[in-house]
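S.K.: no sequence on this one, just coordinates:
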């Protein structure tokens, strides 16, 4: 997805990883800079997240158990591995303060309509996904390789792409955070994802200071 207008896409590339800081791996350049600048925020942080081929963690949250039950009631089987990952990720982002869906798309498949209120006001992302699944335009989900969504909240924006498992490869996600984002915000978001998804690794790839 293209970055929001006025916000830089490029950042300092990661020459290497310093090892795990909590459960987020930061580039060496970033960890050294953070020691010198304290809590200086970033205007952009790019994350790469690899997942284990398991979704047992879904049962930990009642909203995700309901989501799972609804999928079974609707006999949604094709593409349900991607749906489960997307549902869990949207729930995590909402818990981290990104409660509004701006737009979303499938690859292949293209842009998808938002159901009801086009702004998604008053409906959390997971609930909006369940409403959207009733639409004919969402049928390509069963064969999509990727799902991308732009979320916003508390003055920040997030671009999330979820990729389904393909043959021997693990499912994965990429996340771009824009606005005024601290390292604590990054750790909090990844923590929410780890509570809901089988995260194998989470690496900061690039960053730009505000």
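M.R.: Sure, I can see it. Remember, predicted model here, so these are calculated numbers, not experimental data.

S.K.: quick one: the nearest residue to residue 146 once chain neighbours are set aside from residue 76, how far?
M.R.: Distances taken as CB to CB, 6 or more residues apart in numbering put residue 107 closest to residue 146, at 4.1 Å, once the chain neighbours are dropped. Quick note: C-beta positions are derived from backbone N, CA and C, even for glycine. As judged by CB to CB, to the nearest Å, residue 107 and residue 76 stand 20 Å apart.

S.K.: sorry, back to before: the residue nearest to residue 146 against residue 148, yeah?
M.R.: Yes. Between residue 107 and residue 148 there is a contact under CB atoms under 8 Å: 7.0 Å.

S.K.: which of these two has more residues huddled nearby?
M.R.: residue 148 (20 against 13; other CB atoms under 10 Å).

S.K.: how about that one, what does it touch?
M.R.: Residue 148 is in contact with 1, 104-107, 159-162, counting by CB atoms under 8 Å, 6 or more residues apart in numbering.

S.K.: so of those, which ones are in strands?
M.R.: Among the contacts of residue 148, the members found in strands (DSSP state E) are 104-107, 159-162.

S.K.: tell me the one of these nearest residue 206?
M.R.: residue 159 (13.1 Å; CB to CB).

S.K.: residues touching stretch 172-190, excluding its own?
M.R.: Outside stretch 172-190, the residues that touch it by CB under 8 Å, 6+ apart are 1, 3-4, 7, 22-24, 26, 34, 39, 41-51, 85, 89, 92-93, 96, 155-163, 193, 199, 202, 204, 210.
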